[in-house]
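Okay, structure incoming, though there's no sequence with it:
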C-alpha cells in the first residue's frame, strides 16, 4: 500500500503541466546536456553531463538578502522557452578574427510560492565547449530593490581531480603563483579555476559579462561541492540593484583535453556585441618603456636625482622605438603624486601635471615627429575617488597630445581601494567588488569617448567585455613578469604553462615579457628562470594585442637575434590553435597573422626538458613556407648557467612536414612560417 503522503506527492507531480518538470537542453553536437528544474523542496537546481557522464550533479541556485527573505526554496516552474543560435561574428582585433557562436538555450522561469511571489528566470546556454547560465529578475513589486547578501549558486563536481587555482580574499589581489591540488582540497579561490577530473575531462569555472555586480569567488563547502561567494562590500549588501537586472553568466568550459579549453570562445560569445562602433583608431602593437629600470631599482618613479621619467630619457626611448619598429613607448612616473606614500593612498596624484624635469608637451611632439606613440600612465594608488574626479580632464589631456593608449594602475592591498562614501568622506572597497566593477567600466567608456585604449593593472578580472568595449584591450590580473625583477620566489618554470590554461582563458594579459638579459635586481634576485628562446615564445604563448619588450633598450639591442624575432612577430591574429600541451606542464601554440599568410609557433615547458614534434598540417597544402626557428641551444638550461644559448636556422617546409624542436628546462622555442617568396 502506498503511503498517503507519497501518493499525494505522486499525484501532484502528474498534475503539473509539462513546463513544470525538468527542462533539458543539449549542445549542438549533443555531447553536453544540462537540466534546470525545481527539486522536491522547490529549490531551483541544475545539472550538467558530458558524453553521458555527470560533470555537475544537482546543484542549487538561490540568493540571500540583507532586508528580505531568502530566495532559496518554495519555487515552482511557471514557464519554459527554448532558442538556438548559429552565427559567426568578426572581432575588431583578437586571437582569432572570426568567432562562431553556436548554442542551444533553455530559459526556465520560477515563481516563489509565498506572499511576495517573486519571479526569477534561469537562462542556460549550452555550447559544444561548455555551459553558461545566469539568473534574470524582472521588475516586480516583491523585489523592488535587490540588496543581495550572497549568491547561493553551487557547483557540485561529480568526481575529484586536480585543480589549478589562486587564493581569493587575500591581500595581493590576483597576483599569486598557482597551486596544483586536489579539487577536494580547495579553499576559497579566484576564477578562472581549471580542473582535470579523474576521467580526464577538463573543466574551467569562470564568469562572463561582469557588469554592475560583484565578482564571484568559489568557496569549497565540503568534498567537491563549491559555492559562489561574492566579493565583499563595506556597505552591507554585496550587490545593490534596482528594478530589472540579471547576474553575470556563470561559466563552465568543458572539454576532453586542453585544446578544447584553449580554443574555446564561449566567454566572448556570452558578451554583448561591440557598442563602440568603429575602433580602427586602436592598432595592436608592440612597445617598450620607462618601466623595467624602476623594477631593477636603477631609476625611480618618484622625483629626484634618480627620476626615470625625464625628458631626456623619454627621447632616448623614443629614438630606440623609432629605429627598431616599436609603435609605443610607455612612460611611468611622469606626473605629480609619486613622492611620499602613494601605495594604497593616491591622494596626491595629478593626472595632468608633470614633474618639472619632464616636458610632456615636448616629449609628445618629439614622439609624433618620429612616428612613435606615447603610452600614457595613470597610477591611482587604489584611489578611485581622486581618479574619477580627474578622469574626464585626464583623458582629454591625453587625446590633445595624441596619446591613444593608457596603462592604469590600482596598487593597493585587497579591500583597500579608496572610494567616495556619498557623504563627502571615504570608504574602502575591494578590487573586485561591485563599485570597482562599475568604476572600470566608467573609465573604459570615458577613454573610448577620447579614442583611447585602456590597459589596467591591478584590475578587475577579464570576463569578455572586450567584445562589447573593444578599447579595453588588455589587463594584468595575474602575477606578471615584473616579479622576475625582484620577487623571491620568481615566477617558476610552470607559471606560464599554468597561466595559459587558467588566467589566459579569460582574455588578454599584459604580461610584459622580453627580459632578454634574464637578470633581475642586483644580488638579491638576479637570475630569471628562463632561457632566451622561452622569452621569445611568450609573444605567441601569452596573448595580448599590446606586447611589451620589457628590458632596457641597451639589453634589447645586445641580443640582435631576439630583437629580430620581436620585430617580426605580430600582435594581432587570424587564428589560434593549441598543437600540444598539458595543464601546468607545457604548451605548443600556433597563431596565424591577421595581415598575412604567415604562421607563428611558440612552445614553453616547465622544469622538465622536452622535445616537441609538430605536424604542420594546419598550413595551406601545396604552399612552400620558410621556417625560421629560434630554439634552445644544446647547452641551454633555464635553471642553470647557460640560459642564453640559442640556435637560429631556416629551411623550407610544407603542410606535409613536421618539426621536432627541443625545449630545455624552463625553456622554449619560437617559429615563423612565412610563405616562400613573400
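That came through fine. Only a predicted model underlies this, so the values are computations on that prediction, with no experimental measurement involved.

Give me the average confidence score over stretch 564-583.
Averaging pLDDT along stretch 564-583 yields 98.

Stretch 213-231 now?
Here the average pLDDT along stretch 213-231 is 98.

next one: stretch 36-51
Taken as a whole, stretch 36-51 has an average pLDDT of 97.

and what of stretch 252-267?
On average, stretch 252-267 scores 98.

quick one: buried residues of that stretch?
252-255, 258-262, 264-267 (16 or more other Cβ atoms under 10 Å). All C-beta atoms are positioned from the backbone trio N, CA, C, and that covers glycine.

Those residues into TSV, with extra columns for distance to residue 448 and secondary structure?
Shown next, in TSV, are the buried residues of stretch 252-267 (distance: Cβ to Cβ, whole Å; DSSP: H, G, I helix; E, B strand; the rest coil):
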residue	distance to residue 448	secondary structure
252	31	strand
253	29	strand
254	34	strand
255	34	strand
258	35	helix
259	34	helix
260	33	helix
261	31	helix
262	29	helix
264	27	coil
265	23	coil
266	25	helix
267	21	helix
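
Out of those, which comes closest to residue 513?
residue 262 (18.5 Å; Cβ to Cβ).

what about the longest helix seen in the chain, distance to the chain center?
Longest helix in the chain by number of residues, with DSSP state H as the criterion: helix 384-401. Centroid separation for helix 384-401 versus its chain: 25 Å, with Cα atoms, centre = their mean, to the nearest Å.

List the buried residues of it.
Quick answer for helix 384-401 (16+ other Cβ under 10 Å): 384, 385, 386, 387, 388, 390, 391, 394, 395, 397, 398, 401.

Find the pair from the residues you listed with maximum spatial separation.
Once Cβ to Cβ is applied, the buried residues of helix 384-401 give 385 and 401 as the farthest pair, at 25.3 Å.

Give me the helices and strands touching the longest helix of the chain, please.
Other helices and strands packing on helix 384-401, by 3 or more Cβ pairs under 8 Å, 6 or more residues apart in numbering; DSSP states H and E, are helix 360-369, strand 373-379, strand 417-420, helix 434-449.

Highest mean neighbour count out of the ones you listed?
Greatest average neighbour count among the helices and strands packed on helix 384-401 goes to strand 373-379 (a mean of 25), per mean count of other Cβ atoms under 10 Å.

returning to that earlier point: and after the longest helix of the chain, which helix or strand comes next?
The first helix or strand that comes after helix 384-401 along the chain, using DSSP states H and E, is strand 405-409.

can you list contacts of that following strand?
Under the contact criterion Cβ atoms under 8 Å, 6 or more residues apart in numbering, strand 405-409 has outside partners 282, 328, 330, 332, 373, 375-381, 395, 398, 443, 447, 452-458, 473, 510, 546.

Now do that strand: distance to the chain's middle.
16 Å.

now the angle from it to helix 434-449?
Using axes from the mean of the first three to the mean of the last three Cα atoms, to 10 degrees, the inter-axis angle of strand 405-409 relative to helix 434-449 is 160 degrees.

mind listing what strand 405-409 pairs with, with the direction of each?
Partner strands and pairing direction for strand 405-409 (DSSP bridges) are strand 373-379 (parallel), strand 453-457 (parallel).

which element follows the shortest one toward the C-terminus?
Next helix or strand after strand 453-457 toward the C-terminus (DSSP H and E): helix 483-486.

C-terminal to that next one, what's the next element?
Scanning onward from helix 483-486 (DSSP H and E), the first element met is helix 495-499.

So which elements touch that next one?
Using 3+ Cβ pairs under 8 Å, 6+ apart, helix 495-499 sits against strand 586-593, strand 599-605.

Please identify the deepest-packed of those.
The most buried one of the helices and strands packed on helix 495-499 (mean count of other Cβ under 10 Å) is strand 599-605, showing a mean of 28.

Pull up the pairing partners for it, direction included.
Strand 599-605 is paired, per DSSP bridges, with strand 586-593 (antiparallel), strand 668-675 (antiparallel).

average pLDDT across the first one?
So that's strand 586-593. On average, strand 586-593 scores 98.

Quick one: residues in contact with that strand.
95, 258, 262, 496-497, 500-501, 540-541, 570, 572-581, 598-606, 608, 610, 612, 614, 618, 663.

Go again with 7 Å.
With contact meaning Cβ atoms under 7 Å, 6 or more residues apart in numbering, strand 586-593 is reached by 95, 497, 500, 540-541, 570, 573-581, 599-606, 610, 612, 614, 618.

Going by neighbour count, which of the residues you listed are buried?
95, 497, 500, 540-541, 570, 573-581, 599-606, 610, 612, 614.

which residues in this protein form helices?
Under DSSP H, the chain gives helices at 4-15, 258-262, 266-269, 292-295, 311-324, 360-369, 384-401, 434-449, 483-486, 495-499, 532-541, 553-557, 560-568.

how many neighbours does residue 49 have?
Applying other Cβ atoms under 10 Å, we find 18 residues neighbouring residue 49.

Can you name the residues bridging to it?
Going by DSSP bridges, residue 49 forms beta bridges with residue 33, residue 54.

That one and residue 58: what is the separation?
11 Å (Cβ to Cβ, to the nearest Å).

surely residue 542 meets residue 511?
Yes: counting by Cβ atoms under 7 Å, residue 511 is a contact partner of residue 542 at 4.7 Å.

Those two - which one has more neighbours?
residue 511 (28 against 25).

Verify the stated contact: the more buried one with residue 539.
No: using Cβ under 7 Å, residue 511 is not in contact with residue 539, being 9.8 Å away.

And the contacts of stretch 345-362?
By Cβ under 7 Å, 6+ apart, stretch 345-362 touches 303, 307, 309-311, 334-337, 340, 378-383, 386, 390, 393-394, 397, 401, 418.

what distance separates that stretch from the centre of its chain?
For stretch 345-362 - counting by Cα atoms, centre = their mean - the centre lies 30 Å from the chain centre.

Great, nothing more from me.
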